[in-house]
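S.K.: sequence-free structure coming up:
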């Protein structure tokens, strides 16, 4: 070979290597599932990343993690805190394993990977910053004003301080029992709402961390804070007994502002007896259930600025810790995520105006209004209208026991100043589509005067369904709207009537949640609430958090199995075993409790198939099935975590429960469970209780039962979770599809075709109880299209979609369908179009992931009917055999 040709070959190889390197990227660096978080308290936080490559068969061959205090050194390949060394591994989530992390310290990290061809790529440098890390690290005292729990006006606090040197960094840490808005020199800090999130306040409280460096001025500064009651001081009466919660008290807080100067010295401004307080501000009442009363004539202009005269303010008093756990709030915040303008506006009568925002939602409204000083304006929020076109709250105020005149349900009450006033509630949210504005005297108001904000935990959307069948898209929109309306730092049942963390609703909707949204931080927080609430004997209440209600009702297996089902699903969807590790002792305690109260491995402990269409189902059967589910999850978790004795014990228990259920309830000759309702057939099928030799017969009976109902649901919440899945996993996907897109009563589509923009609590539109119009307990429809049609399933052996089980189905008459889900490895796409009698099926497998594609029974393509796929994008021409 000539020297010239050799040089050309080397050059071409170099160019090729550069091109390959450019196509390989490392992105989406997260610490504890968050981007560059502040206030990390965990000593060994999880560090994760994502490989991006256009190469077919792209896979990570190795990684090296560097962590250090100097971002430049880390970028240059030196980690003074931790160097993992080159690890021959495809894993993309690692627990920090270096020297002990120090409190209030920023750390920088970078990951370098090699791919299947040995090409290397480095990520950008990411960061995380530790928080207090221990209770002893707090300098400030807990303080409040000198008022009691029934005092209505909100407390305002301020502290003036001087800065005489150049500030290099300022970090503010604030823990609050109640809710708060925080200000520095008149500027509100952060864009979160309803912070900190609701917890079992006498067992755990959250603190927030802020980088306030840009807001600190030379010389005089002021920190101001106003506290709201939230769930901590529940003044509004309701049947859930939060007014007698063991933690109840006047809101209080603790604050440390750490100032680091250019010369290396530090100061701490913290809460103590030098702070000033007043209850003479404009927020004269606030309740999480009812609303806010705001008097614009009492506004204190500039109250959180240095020039404000606080000589008439009073002092504060010290308070004891609300709990022994003050932990960092490391989760996606609650925010006003979307603004809605009114779709319709009308004046119903003199001084009464109605706004229709077109969508049901959880949130708040912002009004701009002008009227004479002292004019009272009421903003009443609700989901329905009465026959005369006025607001009707009768479906949502049924459990409210407060004074409906002085403190009406879901109503903000404003006293105008005489100029233009603007208001949006800070310490309350409502569930509504309509707002009726009532003014005691003439006001200047129009269609643009009131806007609505959709408020919820700001979890990123990771799933999308598009289809030629617009009902499918309507069902997905309603399911997602209902889900987000019921995510406020914990999953709720409804955003208006209760706002409770009903456990059953939470686990019944967990797959709909995780296919569509990146919600792991919210669920890990809620599972910590479970651990806080569990009694020593293993019992959990059926609403979490709770002030004591729910331990002695039907708080059994079909509801409180959240303690097992949600950690298992987080493991399946994220490949992250943290929740299973944290909850393992709690799951074990729970299962052991059920074992003690069960007879012959069967139990009636539970609520049953709640809100069925027509017929109820056997509660012992369904509760015992969930006992089996929990024992099975516990056995699997034991195996994953290395508890061999537990694995053997609980595997055996699961088999014993299964045998007991089948011995009592399965007629082996007919293939019927109990009385043969849809729920009694589908629940054992879906959860794996049916013996293999009887599955076909039971599934056939279920299919015939559904056909006999003309493809309509006849289930409550437990059957709703199981029905579509039991059908499609046993060869009857066409039947399941017809049920899913049914648009006559009773069905999900019946709601949507009748104008619902969220999922409802009752199949009947004219029901007289259980009639919230924004509920998630029937939310399985939000998950099923990803499974039953797109066929995107996680693999429990290689979780987090490291390996994908693809089982698509092409129903008759559906011309186009695509599902997208962004997994920890990247975007999975499964979809098709019909063309010339063929189905053109397209699938994308993200880098570092693989899939097994199984075509529907009776379908084939030239490549085969069961294919093993590497990372890449593929299209298959499929036809019936």
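M.R.: Right, received. Where do you want to start? Bear in mind that the values here come from a model prediction, so they are computed numbers and not experimental data.

S.K.: what about residue 788, which SS state?
M.R.: Secondary structure state of residue 788, per DSSP: H, G, I helix; E, B strand; the rest coil, is helix.

S.K.: give me the number of residues near it?
M.R.: 21 (other CB atoms under 10 Å). (Each C-beta comes from the backbone N, C-alpha and C, glycine too.)

S.K.: Could you double-check that it sits in contact with residue 734?
M.R.: No: contact criterion CB atoms under 8 Å: residue 788 and residue 734 do not qualify, at 10.2 Å.

S.K.: Find the residues that touch each one of these two.
M.R.: Listed as contacting both residue 788 and residue 734 by CB atoms under 8 Å, 6 or more residues apart in numbering are residue 809.

S.K.: how many other residues sit next to the spatially closest residue to residue 546 that is not a sequence neighbour?
M.R.: Distances taken as CB to CB, 6 or more residues apart in numbering put residue 533 closest to residue 546, at 6.4 Å, once the chain neighbours are dropped. Residue 533: 25 surrounding residues under other CB under 10 Å.

S.K.: same question, residue 834
M.R.: Residue 834 - counted by other CB under 10 Å - has 16 other residues nearby.

S.K.: Name the SS class of residue 414, please.
M.R.: When classified by three-state DSSP, residue 414 comes out as strand.

S.K.: one step back: unless I'm mixing things up, the residue nearest to residue 546 is touching residue 541, no?
M.R.: Yes: Residue 533 lies in contact with residue 541 (CB under 8 Å); the separation is 5.8 Å.

S.K.: Can you pull the poorly scored residue ranges out of the chain?
M.R.: Applying pLDDT under 70 to the chain flags residues 1-22.

S.K.: got a list of what residue 399 touches?
M.R.: Listed by CB under 8 Å, 6+ apart, the contact partners of residue 399 are 238-240, 497-498.

S.K.: what would those residues look like in TSV with distance to residue 469, secondary structure and neighbour count?
M.R.: Shown next, in TSV, are these (distance: CB to CB, whole Å; DSSP: H, G, I helix; E, B strand; the rest coil; neighbours: other CB atoms under 10 Å):
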residue	distance to residue 469	secondary structure	neighbour count
238	41	strand	22
239	42	coil	11
240	41	coil	20
497	33	coil	26
498	34	coil	21
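
S.K.: just how off-centre is the longest strand seen in the chain within its chain?
M.R.: Counting residues, the longest strand in the chain under DSSP state E turns out to be strand 352-371. Here strand 352-371 is found 26 Å from its chain centre; the criterion is CA atoms, centre = their mean, to the nearest Å.

S.K.: ok, now stretch 485-500?
M.R.: Counting by CA atoms, centre = their mean, stretch 485-500 comes out at 11 Å from the chain centroid.

S.K.: about what we covered before: list the strands paired with the longest strand of the chain, with their directions.
M.R.: Its sheet considered, strand 352-371 pairs with strand 344-349 (antiparallel), strand 420-424 (antiparallel), strand 430-439 (antiparallel), strand 443-444 (antiparallel), strand 450-457 (antiparallel) by DSSP bridges.

S.K.: Check which element follows it along the chain.
M.R.: Counting by DSSP states H and E, the next helix or strand C-terminal to strand 352-371 is strand 376-382.

S.K.: contacting residues around that following strand?
M.R.: Taking CB under 8 Å, 6+ apart as the rule, strand 376-382 contacts 291, 365, 367, 369, 371, 391-393, 396, 408, 410-416, 430-440, 443, 450, 496.

S.K.: about what we covered before: minimum distance to residue 615: which of the strands paired with strand 352-371 has it?
M.R.: Nearest to residue 615, of all the strands paired with strand 352-371, is strand 430-439, at 30.0 Å by CB to CB.

S.K.: quick one: that closest one to strand 376-382, angle?
M.R.: Angle, strand 430-439 to strand 376-382, by axes from the mean of the first three to the mean of the last three CA atoms, to 10 degrees: 150 degrees.

S.K.: Check which element follows the helix or strand containing residue 832 along the chain.
M.R.: Residue 832 belongs to strand 826-835 when elements are defined using DSSP H and E. The C-terminal neighbour of strand 826-835 among helices and strands, as given by DSSP H and E, is strand 838-845.

S.K.: What is the next helix or strand after that next one packed up against?
M.R.: With elements assigned by DSSP H and E, the helix or strand that comes after strand 838-845 is strand 850-854. With contacts defined as 3 or more CB pairs under 8 Å, 6 or more residues apart in numbering; DSSP states H and E, strand 850-854 has these neighbours: strand 803-806, strand 838-845, strand 866-869.

S.K.: Could you pull out the buried residues of the strand holding residue 832?
M.R.: 826, 828-832, 834 (16 or more other CB atoms under 10 Å).

S.K.: Same list, those residues, but as CSV with distance to residue 39 please.
M.R.: As requested, the buried residues of strand 826-835 are exported to CSV (distance: CB to CB, whole Å):
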residue, distance to residue 39
826, 29
828, 32
829, 36
830, 38
831, 41
832, 46
834, 52
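
S.K.: Identify, from the residues you listed, the entry nearest to residue 303.
M.R.: Checking these against residue 303 by CB to CB gives residue 826 as the nearest, at 49.0 Å.

S.K.: How much space separates the closest one from residue 123?
M.R.: Counting by CB to CB, to the nearest Å, the gap from residue 826 to residue 123 is 15 Å.

S.K.: again, but for residue 262
M.R.: Distance, residue 262 to residue 123, by CB to CB: 31 Å.

S.K.: out of the two, which sits in the busier spot?
M.R.: Each of residue 262 and residue 123 has its neighbours counted (other CB under 10 Å); residue 123 has more, 19 against 10.

S.K.: Just to check, the more buried one is in contact with residue 50?
M.R.: No: Residue 123 lies out of contact with residue 50 (CB under 8 Å); the separation is 9.4 Å.

S.K.: hey, what's in contact with both of those two?
M.R.: Joint contacts of residue 123 and residue 50 (CB under 8 Å, 6+ apart) are 26-27.

S.K.: and residue 151, how many neighbours does it have?
M.R.: Considering only other CB under 10 Å, residue 151 is surrounded by 15 other residues.

S.K.: and stretch 266-276, how far apart are its ends?
M.R.: Length of stretch 266-276, first residue to last, CA to CA, to the nearest Å: 24 Å.
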